[in-house]
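Visitor: Got a predicted structure here, sequence first:
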Amino acid sequence: MSTISKILIANRGEIALRVLRACKELGIATVAVHSTADADAMHVRLADESVCIGPPPSRDSYLNIHQIVAACEITGADAVHPGYGFLSENAKFADILEAHGITFIGPTAEHIRLMGDKITAKQTAVELGIPVVPGSDGEVTPENVLETARKIGFPVLIKATAGGGGRGMKVAKTEGELEEAFNTARTEAAAAFGNPAVYMEKYLGKPRHIEVQVVGDGEGNAIHLGERDCSLQRRHQKVWEEANSPALNVEQRMKIGKICADAMKKMKYRGAGTIEFLYENGEFYFIEMNTRLQVEHPITEAITGIDLVHEQIRVASGAGLSVTQDEITFSGHAIECRINAEDPRTFVPSPGTITHFHAPGGLGVRVDSGAYAGYKIPPYYDSLIGKLIVHGRTRVECMMRLRRVLDEFVVDGIKTTLPLFQDLVANQDIANGDYDIHWLEDYLARTSA
Ligand code: ADP
């Protein structure tokens, strides 16, 4: 067992702060890294040490493996937490750290690679007993595209093997649309990922997005921490997440959870991971696995009381999981709202200086944010400035609390998505938990002037 005494946090913003808090609780020293644009950021101020790793563009700083490894060597950090995004699912980064004797707080490079390629991930899911969306056996080519589509049945979805962020994805509703959808998806995939390979799936009409949180110790023990419903999305970006899903009962939760935990045991998966499904008519269909901590992990923490970053650090150091499946209980309901520096209707980014900032408080309220009054949001990175997480004994109580808390939250000087959440919390479909992955875009189209 290798003990970890100093962690370099290879990220920025709220997630860097989130990881830093876990390190402090565990008595582990912290190193922040930052670009020149983030010199005044909260994660830099609160860390024990900090290293500037380059100019503002991510590729020169937060994605610069060479600089990050050098920062580890200068500071004597013995482990790296990658957060989410940036290098968190970069197998080469995990390999390089290992070669330098630095612990990567995450899965093995081999597992990152396995799940990073969507065709391989899907084949692996099938082997592990996870239900998948009906689709092509592997890559679709100009030769087999028509035959494959006929076999699956229209509508079909063409997806990039190297996909991410919803790019390289095209629907063909009929045979007449197939050729164009196939060619466009390939062109987009080549442009976005440098790899034109695509595969095909049955296009589901009105699914929910439900994902299962897992953690494994790398030795064959693994647990699940229930699911999160992330159906409220815009352009495949999650906006509002909740745990548990309003659509599942206890039996369904424990059944899909067990399938996922068993799969992770078989794989000897190490670290935190999320298995994402589309859910329609009572059936789950695997779409992908994320081999990292997710933005929306706090809602799982709220209903289980388990600190996922503590677990990540424990398993990375070889200390194993702190809980067994039997010890995990699910208590109440939690909702997360992503507070973005964006126009609440058009979602156009709104960087600038926050002139006034007041975070709400009270029972069952958590705000993860690096923002403060006087903070200047740099235009170079994503627009997430904070996350509001509310917990209640029931979904009804959680919604009541959320309504109160949204009224208290003040962010002045820039536009934020807070007004959108005030609309959503007052909406009857949302109150009923009655929504699918298209609901939010339909709602925005319906209610925009
Ligand atoms: P990416 O990695 O690009 O985000 P995913 O496979 O995770 O791609 O899919 C992203 C989103 O696209 C899903 O959350 C869902 O909204 C939609 N989607 C993916 N596969 C299907 C499908 N077979 N049918 C309908 N919608 C789908």
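Guide: Great, that's in hand. Residues are numbered from 1 along each chain as shown.
Visitor: can we go C-alpha only for contacts and neighbour counts from here?
Guide: Noted.
Visitor: Can you report how many residues neighbour the closest residue to the ligand within the stretch 301-449 of the chain?
Guide: Across the stretch 301-449 of the chain, the shortest distance to the ligand (CA to the nearest ligand atom) belongs to residue 437, at 5.6 Å. For residue 437, the count of nearby residues is 23 (other CA atoms under 10 Å).
Visitor: residue contacts, it?
Guide: 206, 207, 208, 209, 231, 232, 233 (CA atoms under 8 Å, 6 or more residues apart in numbering).
Visitor: From those residues, which land in strands?
Guide: Among the contacts of residue 437, the residues falling in strands (DSSP state E) are 208, 209, 231, 232, 233.
Visitor: Closest one to residue 293 out of the residues you listed, please.
Guide: For the ones in strands among the contacts of residue 437, the closest approach to residue 293 (CA to CA) belongs to residue 209, at 17.3 Å.
Visitor: what are the bridge partners for the closest one, then?
Guide: residue 278 (DSSP bridges).
Visitor: That one - how many residues pack around it?
Guide: Residue 209 has 24 neighbours, counted by other CA under 10 Å.
Visitor: quick revisit: out of the contacts of residue 437, which is nearest to the ligand?
Guide: For the contacts of residue 437, the nearest to the ligand is residue 209 (5.8 Å; CA to the nearest ligand atom).
Visitor: So that closest one sits against residue 279, correct?
Guide: Yes: shown here, residue 209 and residue 279 form a contact pair, counting by CA atoms under 8 Å, at 6.2 Å.
Visitor: Quick check: residue 84 is in a helix.
Guide: No: Residue 84 sits outside any helix when classified using DSSP: H, G, I helix; E, B strand; the rest coil, being coil.
Visitor: ok, so what distance separates the residue of the stretch 301-449 of the chain closest to the ligand from residue 115?
Guide: Distance of residue 437 to residue 115, computed by CA to CA, to the nearest Å: 23 Å.
Visitor: likewise residue 323?
Guide: Applying CA to CA, the value for residue 323 to residue 115 is 26 Å.
Visitor: Neighbour count: the two, which is higher?
Guide: Taking neighbours as other CA under 10 Å, residue 323 and residue 115 compare with residue 115 leading, 20 against 12.
Visitor: Tell me which helix or strand comes right after the strand or helix carrying the more buried one.
Guide: Assigned by DSSP states H and E, residue 115 belongs to helix 109-116. Per DSSP H and E, helix 109-116 leads on to helix 118-127 as the next helix or strand towards the C-terminus.
Visitor: ok so, going back, just the buried residues out of the contacts of residue 437, in PyMOL syntax.
Guide: If you want just the buried ones from the contacts of residue 437 in PyMOL, going by 16 or more other CA atoms under 10 Å, the selection is:
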select buried, resi 207+208+209+231+232+233
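Visitor: quick check, nearest of the contacts of residue 437 to residue 89?
Guide: residue 209 (21.0 Å).
Visitor: How about the backbone phi and psi for residue 313?
Guide: phi -70, psi -40 (degrees, to the nearest 10).
Visitor: what's the closest non-adjacent residue to it?
Guide: residue 105 (6.4 Å; CA to CA, 6 or more residues apart in numbering).
Visitor: And that neighbour, what's its pLDDT?
Guide: Looking at residue 105, its pLDDT reads 98.
Visitor: how near is it to residue 31?
Guide: In terms of CA to CA, residue 105 sits 14 Å off from residue 31.
Visitor: ok, now residue 37?
Guide: Applying CA to CA to residue 37 and residue 31 gives a distance of 17 Å.
Visitor: Grab the nearest non-local neighbour of the residue of the stretch 301-449 of the chain closest to the ligand.
Guide: Ranked by CA to CA, 6+ apart and with sequence neighbours excluded, the top spatial neighbour of residue 437 is residue 231, at 4.5 Å.
Visitor: before we move on, the earlier item: please identify the helix or strand for the residue of the stretch 301-449 of the chain closest to the ligand.
Guide: Here residue 437 is assigned to no helix or strand, by DSSP H and E.
Visitor: quick one on the thing from earlier: name the residues of the helix holding residue 115 that come out as buried.
Guide: Neighbour counts using 16+ other CA under 10 Å place 109, 111, 112, 113, 114, 115, 116 of helix 109-116 among the buried residues.
Visitor: is it anywhere near the ligand?
Guide: No: taking CA under 6 Å from any ligand atom as the criterion, helix 109-116 and the ligand are apart, separated by no less than 9.2 Å.
Visitor: Need the residues that contact that helix.
Guide: Here helix 109-116 makes contact (CA under 8 Å, 6+ apart) with 89-92, 94-95, 120-121, 124, 162, 269, 288-291.
Visitor: Which ones among the residues you listed lie within strands?
Guide: Among those, DSSP E puts 288, 289, 290 in strands.
Visitor: which of these come close to the ligand?
Guide: Okay, of the ones in strands among the contacts of helix 109-116 touching the ligand (CA under 6 Å from any ligand atom), that's residue 288.
Visitor: Alright, I will stop here.
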